[in-house]
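# okay, sequence plus prediction incoming.
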Amino acid sequence: MSHVFGRVAEDAPRIGSALGTQMWDTAGKRYLDAAGGAIVVGVGHGEAAVLDAQSEQAHAVAYAHGSVFRADVLEAYADDLAAVLPLDDPKIFPVSGGSEAVETAFKMARAYHLARGEDRHAIVSRVGSYHGNSRGALDASGRASLRKPYLPWLGHATQTSTPYEYRCAFPDTHPVGCGARHAAALAELFEAQPVAAFIAEPIAGAALGACVPPDDYWPAVAEVCRRYGVLLIADEVMTGFGRTGTWFGVDHWGVRPDILVSAKGAASGYWPLGLAVASGRVHDTIAETGFTHGFTYSHHLVGAATGRAVLKIMHDRDLVTASHKSGELLRDTLHAGLADCAHVGDIRGRGLLVGVEIVADPDTKAPFDRAEKITERVLAAAREAGLLLYAGTGCADGVNGDLILLGPPLTTTTAEIEEIATGTAAAIVSVVSAG
């Protein structure tokens, strides 16, 4: 009997090794990692340069508390990262993951307004969103199934509408004035309560299955936040570090947030690394009164060495461009392989963040009954065939269709992209055909 408080069945295969986009269990079965775990692995498994950087730093000094020492490796990483971050004069607060980064961002927003003499505390997020599983991050998340057990602890954040509700029913339609409509809804919230920050993913991740907003959405949202003095927090935990074919998701619309959070691809799974990044203006304002916050493992030296090595690989191999090109190939190949499958409602995304929506009725986009567990069955069929996919939730917590999410390493080869598309299509067809 295992003493691990596990997240997987006890009869699940045991991982043995991994290299590039491929993984092997201890029985020798090979899997193609089409999801990077949980859309985490960007530079591929088993990169010697990352492991060497970790070892070198750990041999020099693995841990020094961030409140006592400055560190050359952390300064160098922050300098390298600043060059690609979509913020003015960015200041980087490294933590241990996405949820910690979101909690840090919320505290930054609160501290900023307090330093300005304003008692703002409210957080606004979006329906159907996901920002993490710690209490504050969960409160800002709009996924009912995750919130339900902890509702007595929640209720401080407010959810507004998303720009994606129409995409599930009408995937090729962008309503005129969508950005203005959502900006107006935000303005009503900003006028009604002391809002400190608005948080959203530039492109929806697992919660809404790689939905891309219309092009007028983000500029309109950024403008209304500026007008009301509300800090804009870009949640780039999943979309950052080249995942969507640009360095960060907001780069698609030229938006410069006040605070950015990221994780996952920052260390590509080699280290638990998250980042809360403040613009220089936000940082300098907070510095006037101080920032009451910190974690034992924030500003970790091996984490900084890991992140810097990952960043160098991304530059050296031009993986942002690779993500853009491979993403186009993946979507095109999926479209071809699923052209005759009437139960595919949409294939969407940017770069190597791709969602496939499965519906019961192709005309109305009505979902399958949740009891049929379509997503779970597709994932199981793919895994049996040696292909690892990831489950999306579906719009509004699954009511508008089952979702399969793909996010392989940015280093995935053309042959592997084609294998992923073919295997995904086969798994979907086998499940929906079986009924």
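Received it, and whenever you're ready, just let me know what you need.
# the stretch 251-400 of the chain: strands as residue ranges?
All strands of the stretch 251-400 of the chain, identified by DSSP state E, counting those that start in this stretch, fall at 259-262, 274-278, 344-350, 353-358, 387-388, 390-392.
# mind giving me the packing neighbours of the shortest one?
Using 3 or more C-beta pairs under 8 Å, 6 or more residues apart in numbering; DSSP states H and E as the contact test, the elements touching strand 387-388 are strand 30-33, helix 414-434. Where you see a C-beta, it was placed from the backbone N, CA and C, and this is true even at glycine.
# would you turn the ones you listed into a markdown table with mean pLDDT, mean neighbour count and distance to F368?
Shown next, in a markdown table, are those (pLDDT from 0 to 100; neighbours: other C-beta atoms under 10 Å; distance: least, C-beta to C-beta, whole Å):
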| stretch | mean pLDDT | mean neighbour count | distance to F368 |
| --- | --- | --- | --- |
| strand 30-33 | 98 | 18 | 26 |
| helix 414-434 | 96 | 18 | 8 |
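# can I get the ones you listed in a markdown table with distance to D88?
Shown next, in a markdown table, are the helices and strands packed on strand 387-388 (distance: least, C-beta to C-beta, whole Å):
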| stretch | distance to D88 |
| --- | --- |
| strand 30-33 | 36 |
| helix 414-434 | 36 |
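# any low-confidence regions in the protein?
164-177, 394-401, 435 (pLDDT under 70).
# kindly recompute the last result at 50.
166-174, 176, 395-399 (pLDDT under 50).
# who wins for proximity to E236 among the strands of the stretch 251-400 of the chain?
Closest approach to E236 among the strands of the stretch 251-400 of the chain (C-beta to C-beta): strand 259-262, 4.4 Å.
# show me the contacts for the nearest residue to D258 once chain neighbours are set aside.
Of all residues not flanking D258 in the chain, L231 sits nearest, at 4.2 Å (C-beta to C-beta, 6 or more residues apart in numbering). Residues near L231 by C-beta atoms under 8 Å, 6 or more residues apart in numbering: M108, A109, Y112, A196, A197, F198, C225, D258, I259, V282.
# swap the cut-off to 6 Å and go again
A109, A197, D258, I259 (C-beta atoms under 6 Å, 6 or more residues apart in numbering).
# among those residues, the buried ones, what's the PyMOL command?
Paste this into PyMOL to select the buried members of these, with burial taken from 16 or more other C-beta atoms under 10 Å:
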select buried, resi 109+197+258+259
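# ok, so of the contacts of L231, who is nearest T244?
Using C-beta to C-beta, the contacts of L231 come closest to T244 at I259, 19.1 Å.
# which residues does that closest one bridge with?
When bridges are called by DSSP bridges, I259 pairs up with I233, A278.
# thought it was touching I233?
Yes - in this structure I259 lies within contact range of I233 using C-beta atoms under 6 Å: 4.6 Å.
# still on that earlier bit, for A192, which of the strands of the stretch 251-400 of the chain is the nearest?
Per C-beta to C-beta, nearest to A192 of the strands of the stretch 251-400 of the chain: strand 259-262, 22.5 Å.
# helices or strands up against the closest one?
helix 98-115, strand 231-236, strand 274-278 (3 or more C-beta pairs under 6 Å, 6 or more residues apart in numbering; DSSP states H and E).
# which residues does A157 bridge with?
In beta-bridge terms (that is, DSSP bridges), A157 pairs with I123.
# for I259, see how far away it is.
16 Å (C-beta to C-beta, to the nearest Å).
# same check, this time on G423
Going from G423 to I259 by C-beta to C-beta gives 39 Å.
# can you check H59 too?
On the measure of C-beta to C-beta, H59 and I259 end up 34 Å apart.
# ok, A234 next?
Distance from A234 to I259, by C-beta to C-beta: 7 Å.
# ok, F198 next?
From F198 across to I259, the span is 10 Å (C-beta to C-beta).
# likewise P94?
14 Å.
# swap in S55?
From S55 across to I259, the span is 33 Å (C-beta to C-beta).
# one step back: possible to save the strands of the stretch 251-400 of the chain as a markdown table with distance to K148?
Output for these, formatted as a markdown table (distance: least, C-beta to C-beta, whole Å):
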| stretch | distance to K148 |
| --- | --- |
| strand 259-262 | 24 |
| strand 274-278 | 25 |
| strand 344-350 | 26 |
| strand 353-358 | 24 |
| strand 387-388 | 28 |
| strand 390-392 | 18 |
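# out of these, flag the one nearest S298.
strand 274-278 (9.1 Å).
# now for Y112: which residues touch it?
With C-beta under 6 Å, 6+ apart, Y112 has these contacts: V282, T285, I286.
# try it again at 10 Å.
118, 120, 196-197, 229, 231, 258-259, 278-279, 281-286, 288-289, 291 (C-beta atoms under 10 Å, 6 or more residues apart in numbering).
# I figured V282 hits K107, correct?
No - using C-beta atoms under 10 Å, V282 is not in contact with K107; the gap is 11.7 Å.
# picking up where we left off before, who touches both of I259 and I233?
What both I259 and I233 touch, as defined by C-beta under 10 Å, 6+ apart, is the set A101, V102, A105, F106, M108, A109, A197, I199, A276, A278.
# now for the closest residue to the fourth one other than its chain neighbours, how many residues are close by?
Think F106. Nearest non-adjacent residue to F106, counting by C-beta to C-beta, 6+ apart: G136, 5.5 Å away. Neighbourhood size, G136 [other C-beta atoms under 10 Å]: 21.
# run the chain-centre distance for the strand or helix carrying G136.
G136 belongs to helix 135-139 when assigned by DSSP states H and E. For helix 135-139, the separation from the chain centroid amounts to 16 Å (computed by C-alpha atoms, centre = their mean, to the nearest Å).
# so which bits of that helix are buried?
Here helix 135-139 shows G136, A137, L138, D139 as buried, counting by 16+ other C-beta under 10 Å.
# could I get the contacting residues of the first one?
In other words, G136. S99, V102, E103, T104, A105, F106, K107, I123, W153, L154, H156, A157.
# surely the first one meets N133?
Yes - look at S99 against N133 with C-beta under 10 Å: they come within range, at 5.6 Å.
# neighbour-wise, which of these two wins?
S99 (21 against 14).
# find the nearest non-adjacent residue to the more buried one, please.
G132 (3.3 Å).
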